[in-house]
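>>> Quick one, fold the following:
(chains A and B)
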Amino acid sequence: MHPAFSVIFFTVASGAGFGLFSLLFIADTFKLGGGFSREQLIIGGLIAMALIVFGLLSSTFHLANPKNAWRAFNRFRTSWLSREGVFAVVFMPLALAYLLCIWFDAPLWLRELTGLLSAALAWITVFSTGMIYACLKTIRQWNSPLVPANYLALGYASGSLLLLLGAVVSGLETLPYIAMAALILSIAAVLKAIYYFWISSPGLGPTINTATGLTRAKVKLLDTGHTHGTFLTQEFGFQLARQKAGLLKVVVFVLGFALPGLMLVWVFNQQGGQGAAIVAVVTGVIGAAVERWLFFAEARHVVNLYHGAQRC
Amino acid sequence: MKLGLVIDLDVCVGCHACAIACKEWNASGTTGPLSDYQPYGAEPSGVWFNRIRHYEMDEYPNNKTVNFPMSCNHCEDAACVTVCPTGASYKRAEDGIVLVDQDKCMGCNYCSWACPYGARELDRSSGTMKKCTLCVDRIYDLDLPVEERQPSCVLTCPAHARMFGDFDDPDSAVSRVVRERSGYGLMPELNYNPTNQYLPPRSTPVIPIDAKPKGGLKESIKQFANKLVRR
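The predicted model follows:
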């Protein structure tokens, strides 16, 4: 699949935003590390919402006809893309209500209720983002429950690193935040490793034989019938050398998980905590972006069988 | 009704006439124009509803070239319609034709991701998704003579490799020929239940390729004369 920059930015930014918001709610509920002050909570919440809004806006850049983007809320009952849009929009007023509850010192039950609802919606929205890809039977590398799991894990991992930075900047006791980030990062790393392991074997997918129905003998493509590329080759023809993919997977694990993990140790040892937390966030987000690029680049659509691939 | 096409892989000669006729009709049809990019340039490309690919089955000397026209299969379980967030893609209840409402499409490409057959192509100049309409603006046109109320590709095919009809009617020509010739749909394992059916190439005896046995004195004189005469 052709990796579209706007979609990569959208999924990474909004994933981090939703992750940050839900973890902020947890940090507020349990007053982790002494608890953020009112202003700090508001600022953190607004940063999370800004990430989500910028992500959503950027996602409209990959549309060829953005003037009809408002219609995307129409097919909530069947389309995961529609569901994601609806959930993201419903999340906004709830998240705002939670922040208002914090600001105006609303009764605890109302504050907790709006917080819990917005955290749940954040979870559902990121799950929907993953399901946009996971529901496609045409792409073996995507059609897996590991995809929404990965989207959630990576979103929360980025969010936990952002929250840790917030805790360091606000001068809170960092230990609970380090523990939280370490736990989420290791879960995300393990899930990603399982995913890469899972997609490495071809499994029982369509082949050029079932695609043409000529199943009694070997089939090979003689001619695609067009002199230059078509929409199909441009959108689905993207190919990544196996060696380069392997190298990028190392980059994902080093930048996305190992370096932030190392920085957690740094923060724990109080050696330049703020700088280390910033490095953790930056490398974590770059790692997530590389992961997302690879997620698209490695996906092989079955239409490639009609362009000569023996299997996808 | 369940309208669709039957494509006879045994007789298709791979002339691309169906694709040309399709482009000609649909460029000015309900979903037209079908934009071309650099049609006379170094990298010609554009929107087509019908594409013909050419495959080779088996290995020499048992090989066989199979010409393979493909357009929208108007699937019974059309995932392209399910995933469409705007409701622009729809499947008509009355005849099963899958269409894209050009006024609603936002050009997100999601339906083309869901389609395993590559039937959908984005028109970069209008920013909307376009696809085979089964010539919905032809087959119901009462101004046309009855025999011309068929998709453009079917009418034009010089080898009669394409047929159009109603698969819901077990006695229609398409249903009958699919039964008799063991027609099949593509990629059945994805469970999209494509309506269009393909008739497999018939098994024909292998043409002998060994050198012909010598034909005696008369044949040798003939061959000698053939060498002498300049054509």
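>>> Please identify the residue of the stretch 151-300 of chain A positioned nearest to chain B.
For the stretch 151-300 of chain A and chain B, the shortest gap (C-beta to the nearest C-beta) falls at A:Ala217, measuring 3.7 Å. Backbone N, C-alpha and C define where each C-beta goes, glycine included.
>>> Now A:Ala157: closest residue in space, sequence neighbours ignored.
Of all residues not flanking A:Ala157 in the chain, A:Ala188 sits nearest, at 4.2 Å (C-beta to C-beta, 6 or more residues apart in numbering or on different chains).
>>> B:Ser35 too?
Computed as C-beta to C-beta, 6+ apart, the closest residue to B:Ser35 that is not its neighbour in sequence is B:Ser125, at 4.2 Å.
>>> How is the one you found assigned, secondary-structure-wise?
B:Ser125 falls in the coil class when you classify it by DSSP: H, G, I helix; E, B strand; the rest coil.
>>> Looks to me like B:Leu134 is in a helix.
No - under three-state DSSP, B:Leu134 falls outside any helix and is assigned coil.
>>> And it, how far from chain A?
Using C-beta to the nearest C-beta, to the nearest Å, one gets 20 Å for the distance from B:Leu134 to chain A.
>>> So what does that residue look like in phi/psi?
phi 60, psi 30 (degrees, to the nearest 10).
>>> Name the residue of chain B with the shortest distance to chain A.
When you check chain B against chain A by C-beta to the nearest C-beta, the closest residue turns out to be B:Gly107, at 2.8 Å.
>>> does that residue count as helix, strand or coil?
On the three-state scheme (three-state DSSP), B:Gly107 is labelled coil.
>>> how about it, what does it touch?
Residues counted as contacts of B:Gly107 (C-beta atoms under 8 Å, 6 or more residues apart in numbering or on different chains) are A:63-66, A:68, B:122, B:127-129.
>>> sorry, back to before: in which helix or strand would I find the residue of the stretch 151-300 of chain A closest to chain B?
For A:Ala217, there is no enclosing helix or strand under DSSP states H and E.
>>> can you pull the buried residues of the longest helix belonging to chain B?
Using DSSP state H, we find that the single longest helix of chain B is helix B:216-228. The neighbour-count criterion (16 or more other C-beta atoms under 10 Å in any protein chain shown) identifies no buried residues in helix B:216-228.
>>> Which residues of the stretch 201-312 of chain A lie near chain B?
Taking C-beta under 8 Å from any C-beta of the partner chain as the criterion, the neighbours of chain B within the stretch 201-312 of chain A are A:206, A:210-214, A:216-232, A:235-236, A:301-303, A:306-307.
>>> Would you mind checking those for buried ones?
For these, burial is judged from neighbour counts taken by 16+ other C-beta under 10 Å, and it is met by A:206, A:210-214, A:219, A:221, A:224-226, A:229-232, A:235-236, A:301-303, A:306-307.
>>> who's in contact with the lowest-mean-pLDDT helix or strand in chain B?
Of the helices and strands making up chain B, the lowest-confidence element is helix B:216-228, at a mean of 86, by mean pLDDT, DSSP states H and E. For helix B:216-228, contacts defined as C-beta under 8 Å, 6+ apart pick out B:Lys214.
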